[in-house]
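In: I'll drop the sequence and a predicted model, then ask my questions.
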Amino acid sequence: MDAITGLMNGFSVALQPQNLIWCFVGTFLGTAIGVLPGIGPALTIALLLPVTVYIEPTAAFIMFAGIFYGAMYGGSTTSILLNTPGESGSMMTALEGNKMARKGRGAAALCTAAIGSFVAGTIGTLGITFLAPPIAELAFIFKPQDYFALMLLAFLSVSVVMGTSKVRGFIALFLGLSLGVIGIDKQTGLQRLTFDVPDLMDGVEMTVVLVSLFAIGETLYVASRFGFQKPNLNPLAGGIWMTKEDWKRSWKPWLRGTLFGFPIGALPAGGAEIPTFLSYTVERNLTKHPEEFGHGAIEGVAGPEAANNAAAAGVLVPLLTLGLPTSATAAILLAAFQNYGLQPGPLLFINSADLVWGLIASLYVGNLMLLILNLPLAGLWVRLLFIPRPYLYAGILIFSLVGIWGVSNSWVDLAMMFGVGLLGYAMRVYDFPIAPVLIGLILGPMAEVQMRRALAVGQGDPLVFVSTPLSAVLVAISVLIVIVPAMLHWRRTRKIDMPDEAAGV
Amino acid sequence: MIKAVFAAALAFSLSAAAPALADPAVVMAPGGAGGGYDAMARLPFEAMSKEGIFTDGATYTNKGGAGGTIGLAEFVGANRGNDNAVMSMGVIMVGGILLNSSPVTLDDVTPLVRLTNDTGVVAVATDSPIKTVDDLVKAMKADLGAVSIGGGSAGGVDHIVMALIAKESGLEPAKLNYIPYDSGAEAVTALGGGAVTVAVSGVSEFKPMADAGRIRIIAVTSEGRVDGIDAPSLKEAGLNVVVGNWRGIVGAPDMSADGRKMWLDRFAKMHESAAWKDILAKQGWEDAYLAGDEFVAFLNDEKTRIGAILKEAGLVK
């Protein structure tokens, strides 16, 4: 079927009133679970799977699509306002977004996140509509050495989030890397750092560390420093909308973030995190306001937020064109396909065209609905910060614990939350950056697996790492990334006509 | 508390005419929501409820991790003597217990039924020079390390297939260049893109890609051929290797004889029902019903066989 006709048929399905209601339910639920730490779209859709018995397939998929995109929207809200990201994809958003919120510019940060997500989600959906088959081929082109080179590139992002002290940054990074090796080694079956605790055998759950370091650490820090005093700044001081300058500084990061997010999201071992790291690095290097990074630069919110939403769209590419689920959420969607007796696989697009186009059309509708739902809410969300801190942070603590308990039902995870939370507190007190811990924990195991796969396939020859054109190019870019910022810095210091910015450092 | 549940369950089993006395079944799925163990825990109850075989409902707990052994340990710890408690499990748990040196084993539970099986397939890239099982064995004999193998987790059922192939061909299973992948999706793209020489997975995961001409299936791991797949079984190809990714249900430790009989009756009825046949068709599961003592004997054989091959593959000391 021709893409345009298919899409038009899809819209005629998705725009039926009852389907619009399902879409609203999905986007609303999705936003809510995105806000709640720990609970992700995979779990939510899994819990809702039984409804497939009662409602029409199109209605169910329209709702699931809303949940899928909505979760990525919701995640940014808590990252920005409370410095407590609920999903790993919105971790980078917290870095600049929360600094903006502390300057009273929370609403602008929320707006750029929402519009960026909308732009990226829409471009991503356009990508699914017109480019899905060629993008899906990337899955076959990427070899272990290519993945490794991509992760090497992402690792270099760490250097930009290291904070003021490289020593503290490296300590944080290695902390993350060592948390990442805990568990049974998948290649050999050997246990590493498990201390015979069965709950540690599958490794440390990333969400647990994310939520503990940010939410619990932040709660303890706030409790220890601020007590009952009101925040000394009006959270709405910076207005409830983006300024012209904000727009000017946001649109390019939105597009660049999308460019990273969509193809990497479509890779079987890609994920939403790597594109956000890359996007943040790129924005930090390309910005005209380098002195603002680390103190609330809007580019650092716009780029990663677009990247994570575009990645969410990318995940649907291999699912719809090849029938391959490449993330937990996609696997659950596939289970839903099966509940309706659909044969997942390369022929899904042909055999169930109506349903697939209905799903794609509902992605457009859902995206627009999320924008309409979230933009007016930005001003409202920011008023959350008027809540006296003891109540606000007690609430965060409870939601975090409930979220993690809901994911794993494991008391070991709860105990670990307090341990890691204390660590997060100590890191804040002694000015260690938090992000490198999570980057180490996320990328370390991924890079290790790909490196060992590449070496196994190449039977130990280290030249395997540059053996494909793609890996060679990516490794070369990685090398350049180390050199170019130094050069940019040199060029910038030669510009003498920027006295304002020099004063702002 | 456990005693109370036990008493209630006993009362129910003795007086089937008064189901109002009964508690819902306590069902453990030793894997995450949406996975194989989860479906094996929920769908039989869905069928039983639809057919009126068991209508008192069920409470499900998902507890994944370490090859299902964390769920197993919790199930055994919390439900001793509870005639109302059952758990889904399968061949991967048999291997998982050995690989994770789990202190709790399947000797601690009461085996009830095997319900389904997923046949494995051995596949190569469409343009691979390897076209038959013979070619594969020749390539492995020429340079075992050069034949990179993709599949599921180390020591899992896919790895066991290749280890048995190596052993039958007189090669050392421990020297296989086996590369575990987290999902069938990753393994199949790695194979189709030429990152690995050969890959093993379930029929349901590889057949769609084979039908689309992305990969070529050279053998299936069942006794005979599989409908719709133009490839011999390994046995037909001259290797005595038959492996299936089977799943089933076990009962609580120290389940009473009455409790065991009650569940066996229910599963026997469910197995005959139209609702269950419908579920098998939708999920693409092969019917592999084996109940009671026959299942116990089968399970013991599997434990011995898998234990031996994992040792030879160097994965279990």
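Out: Thanks, I have it.
In: checking residue B:155 next. Helix, strand or coil?
Out: In terms of secondary structure, residue B:155 is coil; the call rests on DSSP: H, G, I helix; E, B strand; the rest coil.
In: which ones are touching it?
Out: A:189, B:95, B:96, B:98, B:99, B:310, B:313, B:315, B:316 (CB atoms under 8 Å, 6 or more residues apart in numbering or on different chains). C-betas here are computed from N, CA, C, even on glycine.
In: now do residue A:75
Out: Shown in contact with residue A:75 (CB under 8 Å, 6+ apart): A:34, A:35, A:85, A:86, A:87, A:89, A:90, A:93, A:308.
In: leaving out sequence neighbours, find the closest residue to it.
Out: residue A:90 (3.7 Å; CB to CB, 6 or more residues apart in numbering or on different chains).
In: quick check: that neighbour is in a helix.
Out: Yes - the assignment for residue A:90, made by three-state DSSP, places it in a helix.
In: what about the chain, any weak spots by pLDDT?
Out: Went with chain A since none was named. Within chain A, the segments meeting pLDDT under 70 span A:1, A:38, A:160, A:227-238, A:343-345, A:407, A:485, A:495-505.
In: I was thinking of chain B, sorry if that wasn't clear
Out: The model of chain B has pLDDT under 70 over residues B:1-22, B:33-34.
In: quick one, strands of it?
Out: Ranges of strands in chain B, per DSSP state E, are B:25-29, B:58-62, B:85-90, B:110-125, B:148-151, B:177-180, B:198-202, B:215-220, B:244-251, B:286-291.
In: deepest of those, which one?
Out: Ranked by mean neighbour count under mean count of other CB atoms under 10 Å in any protein chain shown, those are led by strand B:85-90, which reaches a mean of 29.
In: pairing partners for it, with directions?
Out: In the sheet, strand B:85-90 lines up against strand B:25-29 (parallel), strand B:244-251 (antiparallel) (DSSP bridges).
In: quick one: that strand to chain centroid distance?
Out: Its chain's C-alpha centre and that of strand B:85-90 lie 11 Å apart, by CA atoms, centre = their mean, to the nearest Å.
In: what's the angle from that strand to strand B:110-125?
Out: Relative orientation of strand B:85-90 and strand B:110-125, computed by axes from the mean of the first three to the mean of the last three CA atoms, to 10 degrees: 20 degrees.
In: let me see the domain layout of the chain.
Out: Since you didn't name a chain, this refers to chain A. According to automatic domain parsing, chain A comprises the domains A:3-467, A:468-505.
In: that's the wrong chain, I wanted chain B
Out: Chain B breaks down by the TED database into domains covering B:25-117+B:245-313, B:119-237.
In: which one of those lies closest to residue A:133?
Out: domain B:119-237 (11.9 Å; CB to CB).
In: end-to-end on the closest one?
Out: One end of domain B:119-237 to the other measures 16 Å (CA to CA, to the nearest Å).
In: what of stretch B:151-171?
Out: This stretch, stretch B:151-171, spans 19 Å end to end (CA to CA).
In: how about that stretch: buried residues?
Out: By 16 or more other CB atoms under 10 Å in any protein chain shown, the buried positions in stretch B:151-171 come out as B:151-167, B:169, B:171.
In: quick one: name the residues of the stretch 1-150 of chain B near chain A.
Out: Proximity of the stretch 1-150 of chain B to chain A, by CB under 8 Å from any CB of the partner chain, involves residues B:32-34, B:39, B:61-66, B:69-70, B:73, B:99-100, B:102, B:145-146, B:148.
In: so which of the contacts of residue A:75 wins on neighbours?
Out: In terms of neighbour count, residue A:308 stands highest of the contacts of residue A:75 at 35 neighbours, by other CB atoms under 10 Å in any protein chain shown.
In: OK, contacts around it?
Out: Neighbouring residues of residue A:308 by CB under 8 Å, 6+ apart: A:72, A:75, A:87, A:89, A:90, A:93, A:117, A:261, A:272, A:275, A:276.
In: just the closest of the residues you listed to chain B, please.
Out: For these, the residue nearest chain B by CB to the nearest CB is residue A:272; the value is 16.1 Å.
In: now that closest one: phi and psi?
Out: phi -90, psi -20 (degrees, to the nearest 10).
In: which ones are touching it?
Out: Listed by CB under 8 Å, 6+ apart, the contact set of residue A:272 reads A:72, A:87, A:88, A:89, A:261, A:265, A:307, A:308, A:311, A:312.
In: try it again at 7 Å.
Out: Contact analysis of residue A:272 by CB atoms under 7 Å, 6 or more residues apart in numbering or on different chains lists A:89, A:265, A:308, A:311, A:312.
In: repeat for residue A:437
Out: Taking CB under 7 Å, 6+ apart, we find residue A:437 in contact with A:172, A:175, A:176, A:213.
In: and it, which helix or strand is it part of?
Out: Take DSSP states H and E as the rule and residue A:437 turns out to sit in helix A:435-457.
In: distance between that helix and the chain's centre?
Out: Using CA atoms, centre = their mean, the offset of helix A:435-457 from its chain centre is 18 Å.
In: circling back: neighbour count and distance to residue B:132 added to the contacts of residue B:155, as TSV?
Out: TSV is the format used below for the contacts of residue B:155 (neighbours: other CB atoms under 10 Å in any protein chain shown; distance: CB to CB, whole Å):
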residue	neighbour count	distance to residue B:132
A:189	22	31
B:95	27	28
B:96	24	33
B:98	22	32
B:99	23	32
B:310	23	28
B:313	24	24
B:315	22	28
B:316	19	32
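In: one step back: the residues of the stretch 1-150 of chain B next to chain A in helices, which ones?
Out: Judged by DSSP state H, the residues of the stretch 1-150 of chain B next to chain A include B:39, B:69, B:70, B:73, B:99 as members of helices.
In: the second one reaches residue B:99, doesn't it?
Out: No - shown here, residue B:69 and residue B:99 do not form a contact pair, counting by CB atoms under 7 Å, at 8.8 Å.
In: name the SS class of residue A:341, please.
Out: coil.
In: I'd say it and residue B:283 touch.
Out: No - if you go by CB under 7 Å, residue A:341 and residue B:283 don't touch, sitting 10.0 Å apart.
In: between the two, point out the one with more neighbours.
Out: Neighbours around residue A:341 and residue B:283, counted as other CB under 10 Å, are more numerous at residue B:283. The numbers are 18 against 12.
In: what about the closest residue to chain A within chain B, how many neighbours?
Out: Ranked by CB to the nearest CB, the top residue of chain B for proximity to chain A is residue B:208, at 2.7 Å. For residue B:208, the neighbour count with other CB under 10 Å is 20.
In: biggest helix in chain A by residues?
Out: Longest helix in chain A, counting residues (DSSP H): helix A:106-141.
In: got the angle between it and strand B:110-125?
Out: 70 degrees.
In: just how off-centre is helix A:106-141 within its chain?
Out: Here helix A:106-141 is found 12 Å from its chain centre; the criterion is CA atoms, centre = their mean.
In: what do you get for stretch A:364-373?
Out: Distance of stretch A:364-373 from the chain centroid (CA atoms, centre = their mean) equals 19 Å.
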